[in-house]
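# Generate coordinates for the sequence data below:
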Amino acid sequence: MPGLQIRRTERPAPGFQRDVPDDVVAAACEEAFGAGAVRAATATTTGTYNVTFRLDLADGGEAYLRFAPEESSQGAADRHAMRNEHAATPFVAVLGPLVARTVAVDFTHRLVARDWVVHTAVPGVPASDVLLDDAGRDAFHRNLGAVCATLHTVRGDGFGRALAPVHPRWSDAVAEDVAALAADARSAGVDPTLVARTEAAVPKHADALDVVRVPALLHGDLWRPNVLLAPGTARITGVLDHDAARWGDPRAEWAWSRIRIAGAAAEAAFRAGYGDTADDDAASVRDAVYDLRHTLAIRLDIDRRGLDRSQIPPEHWALEPRLAALGC
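As a prediction, this is how the structure comes out:
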């Protein structure tokens, strides 16, 4: 594209985040907006999965271009994550202006052997970058609870990933999800004994999981890094990256697990924003299964990216206490 400036930032990145050639970036910009419509494409320094460029448009607007990893670099748990996000987008639209709108999407691999998407920009700064006082944190957690509650009003016909909600029983969808995470964890070098115990925990608690009869829409990765705030406030202006979206138990939402770690005050504020959770007798067992699943996902991410676990509080990645809580 004539006149298009492509700016790159050097930063350490996982091996599957391979760079995208300039001519491919330019071609995707032209397909999305037309010749000369994009002035600059700047590689972002955030995100650990897709390769993302911020696009400065000739009309003064802004958009984002994202490339998924090549299929040979994708794991079992995140395979076709961009396609999963695209499948969920018409349902996540229940959040209105909080969600980006798709401008262009291409899964044909005509330009490059990768899926790619262009979407509008959503205003705000990541909640993980905002320092709030106690009152601000309570307000944020209430607002996050309200966002979750809105998402969970959307109901589906089957359980599983947004791309293929094929399971009539919730326990089967959870087992499939955990099995995919377990396969990736083994490949990443996570202790195979812990991985096997984690995978075996799901069928042991299938009855508790199958109390859930109606599939609700889950964002799948709803927490501070994927939530945008108006600068200096707790007001949520955007919700990002729903590529892990699925249909399932509202209590399996990532935010519920993170809230329990955040403490009693955070959970009380979240519940106040969410409203009635209608806890049943099996809810605590399901919560423990979800906490175990999410911990395996975190452990996989840490080990796959080569991070130093000694620098991360163990309540975020230690599988043993979660297994013990389930008698596994």
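# Just the buried positions in stretch 129-149, please.
130, 132, 137-149 (16 or more other Cβ atoms under 10 Å). Every C-beta, even on glycine, is put in place using the N, C-alpha and C of the backbone.
# Now flag whichever of those residues is closest to residue 289.
Distances from residue 289 to these, taken as Cβ to Cβ, are shortest for residue 148 (18.6 Å).
# could you pull out the strands for this structure?
5-7, 38-43, 51-57, 62-67, 102-106, 116-120, 125-126, 160-161, 216-218, 227-229, 236-239, 246-248 (DSSP state E).
# before we move on, the earlier item: so which of the buried residues of stretch 129-149 sit within helices?
The members of the buried residues of stretch 129-149 that map onto helices under DSSP state H are 137-149.
# tell me which of those residues is nearest to residue 110?
Closest to residue 110, out of all of those and judged by Cβ to Cβ, is residue 147, at 36.2 Å.
# Would you agree the closest one is in contact with residue 239?
Yes: the pair residue 147 and residue 239 passes the contact test of Cβ atoms under 8 Å, sitting 6.4 Å apart.
# While we're on the nearest residue to residue 113 once chain neighbours are set aside, how confident is the model there?
In this structure, residue 113 finds its nearest non-sequential neighbour in residue 70, 5.6 Å apart by Cβ to Cβ, 6 or more residues apart in numbering. Per-residue pLDDT puts residue 70 at 93.
# residues near residue 70, how many?
Residues within reach of residue 70, counting by other Cβ atoms under 10 Å, total 14.
# ok, back up a step: now for residue 147 and residue 239: what residues contact both?
With contacts taken as Cβ atoms under 8 Å, 6 or more residues apart in numbering, residue 147 and residue 239 have 95, 98, 222, 227 as neighbours in common.
# Might you report the residue contacts of the third one?
Counting by Cβ under 8 Å, 6+ apart, residue 222 touches 144, 147-148, 151, 239, 253-255.
# Hmm, residue 50 and residue 65 touching each other?
No: assessed by Cβ under 8 Å, residue 65 is found out of contact with residue 50, at 9.7 Å.
# can you put the strands of the chain in a markdown table and add mean pLDDT?
Shown next, in a markdown table, are the strands of the chain (pLDDT from 0 to 100):
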| stretch | mean pLDDT |
| --- | --- |
| strand 5-7 | 91 |
| strand 38-43 | 96 |
| strand 51-57 | 96 |
| strand 62-67 | 97 |
| strand 102-106 | 98 |
| strand 116-120 | 98 |
| strand 125-126 | 94 |
| strand 160-161 | 97 |
| strand 216-218 | 98 |
| strand 227-229 | 98 |
| strand 236-239 | 98 |
| strand 246-248 | 98 |
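# Show me the helices in the stretch 151-300 of the chain, by range?
170-188, 192-204, 206-209, 254-262, 264-274, 283-304 (DSSP state H, counting those that start in this stretch).
# list the helices and strands the third one packs on?
Right, helix 206-209. Packing contacts for helix 206-209, counted by 3 or more Cβ pairs under 8 Å, 6 or more residues apart in numbering; DSSP states H and E, involve helix 170-188, helix 283-304.
# distance between the ends of stretch 146-161?
One end of stretch 146-161 to the other measures 23 Å (Cα to Cα, to the nearest Å).
# Other residues contacting it?
Taking Cβ under 8 Å, 6+ apart as the rule, stretch 146-161 contacts 84, 91-92, 94-95, 98, 165-170, 172-173, 176-177, 214-219, 222, 227, 236, 239, 245-248, 250, 253, 255-256, 270, 273-275.
# again, only using 6 Å
84, 91, 94, 165-167, 170, 173, 214-217, 219, 246-248, 250, 253, 255, 273-275 (Cβ atoms under 6 Å, 6 or more residues apart in numbering).
# ok, of these, which come out buried?
Buried among the contacts of stretch 146-161 by 16+ other Cβ under 10 Å: 84, 91, 165, 167, 170, 173, 215-217, 219, 246-248, 250, 253, 255, 273-274.
# Dump the shared contacts of residue 147 and residue 239 into CSV; add distance to residue 37 as well.
Listed next are those as CSV, based on distance: Cβ to Cβ, whole Å:
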residue, distance to residue 37
95, 28
98, 26
222, 32
227, 30
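# Nice, that's everything, thank you.
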